[in-house]
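Engineer: Just the structure for this:
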Amino acid sequence: MRDEAVRRAALIFKLFDANKNGVLDPQDFGLITDRVLAAAEDSTQKDREAFASSMRQWWDVLAGALDTDNDGLISPQEFEASVLDPERFAPTADLFANALATLGDPDNDGLIERPRFLDLMTAWGFDVPNVHALFEAFGPDATDRVTVTAWADGIRDYYTPGLAGIPGDRLVSLPA
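Structural biologist: I've put the predicted structure just below:
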């Protein structure tokens, strides 16, 4: 696995551990869901439900695949051992990517404005300078918007261990 992917996995574990107890559990995914949905109050009920469902699926797939000692918790060691396995997690990452990116576009014009992007990403816990760097990497248009497709593709890339130099790498390093 590339160094960039290891850093991405470590950051996502830290952010998934929303209750900061050092392991992943179902409560973490509920907390994240609540925070993100609070930032997307004007999204349609269908889009909000799709996101909540994608988060439940993330937990179910992660727990089923990574909870090797069957204690209902995922330790950092269990997580890092195989979280970026594309064969195992690509369908779940795809569902999640589409659901989160769609929350960024409540007016359904195919574009996400920077403030909305910032709200959703900081609800996850990402650092503001890194979020701005990521947004810039997606190539905003003259009115400071990126496409839903660009963000969804960027999320999928983030969970692909063989990739480096992707926009998502800006989330794990301080922008220059």
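
Engineer: Near the spatially closest residue to G168 that is not a sequence neighbour, how many other residues are there?
Structural biologist: Closest residue in space to G168, ignoring its immediate chain neighbours: Y158 at 3.6 Å, by Cβ to Cβ, 6 or more residues apart in numbering. C-beta: built from backbone N, CA, C; applies to glycine. As a burial measure, Y158 scores 24 neighbours (other Cβ atoms under 10 Å).

Engineer: same deal with R35?
Structural biologist: Count around R35 with other Cβ under 10 Å applied: 16.

Engineer: That one: which element?
Structural biologist: Secondary structure from DSSP states H and E places R35 in helix 26-38.

Engineer: From L95, how far out is R156?
Structural biologist: According to Cβ to Cβ, to the nearest Å, R156 stands 10 Å off from L95.

Engineer: So for this structure, which residue is the most central one in space?
Structural biologist: Centroid-nearest residue in the chain, with Cα atoms, centre = their mean: I155, separated by 6.3 Å.

Engineer: Leaving out chain neighbours, which residue sits closest to that residue?
Structural biologist: Closest to I155 by Cβ to Cβ, 6+ apart is A97, at 3.7 Å.

Engineer: ok, that neighbour touching T160?
Structural biologist: No - using Cβ atoms under 8 Å, A97 is not in contact with T160, being 11.0 Å away.

Engineer: rewinding a little: tell me how far the residue nearest to G168 lies from E87.
Structural biologist: 17 Å.

Engineer: The nearest residue to Y159 once chain neighbours are set aside: how many residues sit nearby?
Structural biologist: Residue nearest to Y159 in three dimensions, not counting chain neighbours: A93, with 4.2 Å by Cβ to Cβ, 6+ apart. A93 has 21 neighbours, counted by other Cβ under 10 Å.
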